[in-house]
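Undergrad: no letters, just coordinates:
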């Protein structure tokens, strides 16, 4: 039986951070806006930052463990959460952004979401027979 691939995308709210904040805080804001966690989720934010900063070279869960003070299970949980959303992909032992950078990754997620919404609208239209 073929395993179904699903996406879970949550956009809680979008707010712009105050001017003059550092890049780390911008990443935290993005993490929260995308519904990956909240302000108190330090482990999740650190995992998110590590993957984003790794860029095109990717990063292994072992490398993330060295940067984050958390259990391997907690790191894997957050990586799986990011994969379910379509934000990252796993190739071998390494995790990568879905695009070359955050903007490209968000664009890819947007296109996928629009495509799925169009399919849902077609289904809804069939209900109006």
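TA: It's in. Values in this document were obtained by computation on a predicted structure and should not be read as measured data.

Undergrad: which stretches of the chain form helices?
TA: For the chain, the helices defined by DSSP state H cover 23-33, 42-54, 61-67, 72-85, 102-127.

Undergrad: just how off-centre is the last one within its chain?
TA: The one in question is helix 102-127. 16 Å (CA atoms, centre = their mean, to the nearest Å).

Undergrad: ok and it relative to helix 72-85, angle-wise?
TA: Comparing the axes of helix 102-127 and helix 72-85 via axes from the mean of the first three to the mean of the last three CA atoms, to 10 degrees yields an angle of 60 degrees.

Undergrad: buried set for helix 102-127?
TA: 102, 105-106, 109 (16 or more other CB atoms under 10 Å). C-beta: built from backbone N, CA, C; applies to glycine.

Undergrad: sorry, back to before: out of the helices of the chain, nearest to residue 93?
TA: With CB to CB, the closest approach to residue 93 among the helices of the chain belongs to helix 61-67: 7.5 Å.

Undergrad: any weak-confidence spans in this protein?
TA: For the chain, applying pLDDT under 70 flags the ranges 1-7, 129.

Undergrad: could you redo the last one with a cut-off of 80?
TA: The chain contains residues with pLDDT under 80 at 1-21, 129.

Undergrad: gap between residue 112 and residue 42?
TA: In this view, residue 112 and residue 42 are 29 Å apart by CB to CB, to the nearest Å.

Undergrad: could you measure residue 45 against residue 124, distance?
TA: For residue 45, the distance to residue 124 - CB to CB - is 37 Å.

Undergrad: same question, residue 112
TA: Look at residue 112 and residue 124: by CB to CB, they are 19 Å apart.

Undergrad: ok, residue 89 - contacts?
TA: Listed by CB atoms under 8 Å, 6 or more residues apart in numbering, the contact set of residue 89 reads 83, 95-98.
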